[in-house]
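**Student:** Fold the following and give me the result.
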Amino acid sequence: MDFILEHTDPNSKARTGTITTDHGEIKTPIFMPVGTAGTVKAVHQRELKDDIKAQIILGNTYHLYLRPGLEVMEAAGGLHKFNGWDKPILTDSGGYQVYSLSGTRKIEEVGCEFRSHIDGSKHFFSPERAIDIQRIIGADIIMAFDECTPYPCEYNYAKNSMHMTHRWLKRCMDRMNETEGLYGYNQTLFPIVQGSVYKDLRTQSAETIASFEAEGNAIGGLSVGEPDEELYGITEHVCTILPKDKPRYLMGVGTPANILECIALGVDMFDCVMPTRNARHGTLFTKNGILNMKNAKWKDDFSVLDPDGTSYVDSFYTKAYVRHLFHAKEALAAQIGSIHNLAFYLWLVGEARNQIEQGTFTDWKNEMVPKLSQKL
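**Tutor:** Okay, the predicted model is just below:
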């Protein structure tokens, strides 16, 4: 993997760049649609490419490991061939499931034992096993195995967890170095900064992660319930420590406003289930604010979903029609909503890139953020 830093905004730490993988280029800043089980929910691959303009998507190690399973994944030739997506893919390591499956898992130094949410069967992930699984899945960018601490989190727990994550990272790196990809292209490992909301722990973690000199770095353990002020403060602090010449990936963030604010702090890559999850429940994002498509106010509103958004989404569907689809529980409602929200997110980061290149990002961001967060 290669990363070229191209432009920096004169009034913030926002920047543009290009990541090059064996499956193509990624123009940053970028949002990555989440395809948990090998698919971005309710969206065809053709729509991801042509309508949404996605450059990279995510897969989930835990879910793909359980279903369809590693034998199927390897027989298919990896996730790219299994799901027909020929652009870059990133996989998480399963570490977030260590966090989210708190009632059915046991964490020890050697790794994490957990029960499947599907049938209750026992499984075990170690740092080495997480790398082996991601080798089989075959993503271009794979993540180190870590523990994502909850919020709130006691200081000592966060400290001990962070140090274990660092020891796990060393084991992940060793496993990467002693193995090779299975499908004839390169894979890149990103370490993950942890430390909860404690600045001294985040400092230690960011310095440790930077010392591994990986080709990219991630910031984890945020967007788990902490206030936005904590999210922004930690992100800004960590970005001052992580190398400037490597891409920075803020995991699991977030709202459109979160994304613009964190681009201003120096983040290059984002992912979040919010655009598709919210879409399936009738919440759509636009340039002027947030639409709840189940509200009665849209019943006879025959204007398009976002009158100012024809640059990023099909302008044919009206608010009245989409509201009808949600109330009729038609599957098309989730499809239209998901395509709309993802297209909007990709438009947003693409326009941020344009504004950075023109030197106007900060003024544009300050104008956009209040509008993005208001309910229409």
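
**Student:** farthest residue from the center of the protein?
**Tutor:** In terms of distance from the mean C-alpha position of the chain, Asp300 ranks first, at 36.0 Å (Cα atoms, centre = their mean).

**Student:** contacting residues around it?
**Tutor:** Each residue near Asp300 by Cβ atoms under 8 Å, 6 or more residues apart in numbering is listed here: Ala320. All C-beta atoms are positioned from the backbone trio N, CA, C, and that covers glycine.

**Student:** Quick check: it vs Thr286, distance?
**Tutor:** Per Cβ to Cβ, to the nearest Å, Asp300 is found 19 Å from Thr286.

**Student:** hmm, back to that, distance-wise, check the residue farthest from the centre of the chain relative to Asp2.
**Tutor:** 53 Å.

**Student:** which SS state does Ala257 fall under?
**Tutor:** Assigned state for Ala257: helix (three-state reduction, DSSP: H, G, I helix; E, B strand; the rest coil).

**Student:** Can you pull out the low-pLDDT segments for this protein?
**Tutor:** For the chain, applying pLDDT under 70 flags the ranges 98-99, 310, 313-315.

**Student:** if we go to 90?
**Tutor:** Within the chain, the segments meeting pLDDT under 90 span 94-106, 115, 117, 307-316.

**Student:** What segments of it are helices?
**Tutor:** For the chain, the helices defined by DSSP state H occupy 45-50, 61-66, 70-76, 79-83, 95-100, 127-137, 155-178, 199-211, 228-241, 256-264, 274-280, 319-327, 331-358, 361-373.

**Student:** quick check: domain ranges of the chain?
**Tutor:** Under the assignment automatic domain parsing, the domains of the chain span 56-272, 273-376.

**Student:** on that earlier part again, please identify which of the helices of the chain is closest to Ile118.
**Tutor:** Closest approach to Ile118 among the helices of the chain is made by helix 61-66 (5.9 Å; Cβ to Cβ).

**Student:** buried stuff in stretch 352-360?
**Tutor:** Ala352, Arg353, Gln355, Ile356 (16 or more other Cβ atoms under 10 Å).

**Student:** what's in contact with that stretch?
**Tutor:** Defining contact as Cβ under 8 Å, 6+ apart, one finds that stretch 352-360 is touched by 6-10, 14-16, 27-29, 260, 263, 361, 364-365.

**Student:** deepest of the domains of the chain, which one?
**Tutor:** Of the domains of the chain, the one with the most neighbours on average (mean count of other Cβ atoms under 10 Å) is domain 56-272, at a mean of 20.

**Student:** ends of that one, how far apart?
**Tutor:** For domain 56-272, the first-to-last residue distance is 13 Å (Cα to Cα, to the nearest Å).

**Student:** Reformat the domains of the chain as CSV; add distance to Pro33.
**Tutor:** Output for these, formatted as CSV (distance: least, Cβ to Cβ, whole Å):
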stretch, distance to Pro33
domain 56-272, 5
domain 273-376, 5
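
**Student:** residue contacts, Val273?
**Tutor:** Contacts of Val273 by Cβ under 8 Å, 6+ apart are Val34, Thr36.

**Student:** could you redo the last one with a cut-off of 7 Å?
**Tutor:** By Cβ atoms under 7 Å, 6 or more residues apart in numbering, the residues touching Val273 are Val34.

**Student:** Give me the phi and psi angles of it.
**Tutor:** With angles defined as degrees, to the nearest 10, Val273 sits at phi -80, psi -10.

**Student:** who's in contact with the nearest residue to Met32 once chain neighbours are set aside?
**Tutor:** Using Cβ to Cβ, 6 or more residues apart in numbering and skipping the chain neighbours, the partner closest in space to Met32 is Asp271 (4.3 Å). Counting by Cβ under 7 Å, 6+ apart, Asp271 makes contact with Met32, Val34, Leu58, Met251, Gly252.

**Student:** Ok, Ile4 next?
**Tutor:** Gly17, Thr18.

**Student:** Give me the distance between the closest residue in space to Ile26 that isn't next to it in sequence and Leu5.
**Tutor:** Nearest non-adjacent residue to Ile26, counting by Cβ to Cβ, 6+ apart: Ile19, 4.2 Å away. Using Cβ to Cβ, one gets 11 Å for the distance from Ile19 to Leu5.

**Student:** More neighbours: those two, which one.
**Tutor:** Ile19 (26 against 15; other Cβ atoms under 10 Å).

**Student:** In this structure that one contacts Pro29, no?
**Tutor:** No. Assessed by Cβ atoms under 7 Å, Ile19 is found out of contact with Pro29, at 10.9 Å.

**Student:** mind checking how far stretch 179-191 is from the chain centre?
**Tutor:** Centroid displacement of stretch 179-191 relative to its chain, using Cα atoms, centre = their mean, to the nearest Å, is 20 Å.

**Student:** Straight-line length of it, end to end?
**Tutor:** End-to-end distance (Cα to Cα), stretch 179-191: 17 Å.

**Student:** same check, this time on stretch 134-150
**Tutor:** Stretch 134-150 has its terminal residues 25 Å apart, counting by Cα to Cα.

**Student:** Pro29 against Leu348, yeah?
**Tutor:** No. In this structure Pro29 lies outside contact range of Leu348 using Cβ under 7 Å: 9.2 Å.
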